[in-house]
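Visitor: pasting a predicted model and its sequence here:
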Amino acid sequence: MHTDRRGALRTIGAVGAGMAVGWMPLADALGSDDRDYADACGALIGVPGPALEPANQPGKLAPGFRGLAQAGLSNGATEMEKWLTVYRDGAAGGKQPDDIAEDLMKAHGPLSRLSMKLWLYGMWLGTGEPDATVDHDWYGNSTRGDFVVSSVAYRRGWVWRMGQTKAMGHSRFMLNSWGSAPPDLDRYLMKG
């Protein structure tokens, strides 16, 4: 059977359309540690892990956030593994997300708080944490202060969706949207 360029593009288009409408599932591009990190953070914030880091959303935040949290704490790799083990044990034991979140806070409060701040604000806010020892940002600049991880992380911060607003300088709504009532909360929570 001969496949020409037009046939290949038509097939690719059909597959892409199937993924877009949801009848063809996408594989989760996250590794198991990153998926567990996103799910643990979801329990802390009160957002299901798959909604926090959807499988079909490009530009995954979990690997960068996990790496930053791990690098930004003294004994980060060891503490991260212990923290993820607390999450895995709770999830495997059938605990409710609120109970898992409480266990995570008890296991390592600073890691839990810094991880929540990363997802909520898209910023490293470790200045007030006694265990936070980060001395660089993503660009290699030496800093001990707080910094925005990236413009994408800031824009996709959950604080904007929970407040039913938008990050400054970004909006997916049209002009004159101030003259009408805001969309339902579900529209904010499930869109990236």
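Guide: Here it is on my side, so go on. Residues are numbered from 1 along each chain as shown.

Visitor: which residues in this structure form strands?
Guide: 123-124, 147-148 (DSSP state E).

Visitor: just name the most buried of these.
Guide: strand 123-124 (a mean of 20; mean count of other CB atoms under 10 Å). (Glycine included, C-beta is placed from N, CA and C.)

Visitor: for that strand, packing partners?
Guide: Secondary-structure packing of strand 123-124 (3 or more CB pairs under 8 Å, 6 or more residues apart in numbering; DSSP states H and E): helix 109-121, strand 147-148.

Visitor: kindly recompute the last result at 6 Å.
Guide: Contact here means 3 or more CB pairs under 6 Å, 6 or more residues apart in numbering; DSSP states H and E; on that basis strand 123-124 packs against no helix or strand.

Visitor: what mean pLDDT does that strand have?
Guide: Averaged over strand 123-124, pLDDT sits at 82.

Visitor: can you give the contact residues for it?
Guide: With CB atoms under 6 Å, 6 or more residues apart in numbering as the test, strand 123-124 has contacts from 146-148.

Visitor: hmm, 7 Å instead?
Guide: 68, 72, 117-118, 134, 146-149, 154 (CB atoms under 7 Å, 6 or more residues apart in numbering).

Visitor: picking that back up, can you check which of the strands of the chain gets nearest to residue 93?
Guide: Nearest of the strands of the chain to residue 93, taken as CB to CB: strand 123-124 at 31.7 Å.

Visitor: where in this structure is pLDDT low?
Guide: Across the chain, residues meeting the criterion (pLDDT under 70) sit at 1-30, 74, 126-145, 169-180, 182-183, 187-192.

Visitor: what about 80?
Guide: 1-30, 55-58, 71-76, 124-148, 164-192 (pLDDT under 80).

Visitor: quick one: the helices in it?
Guide: 5-21, 32-45, 49-52, 62-71, 76-92, 97-107, 109-121, 151-155, 158-162, 185-190 (DSSP state H).
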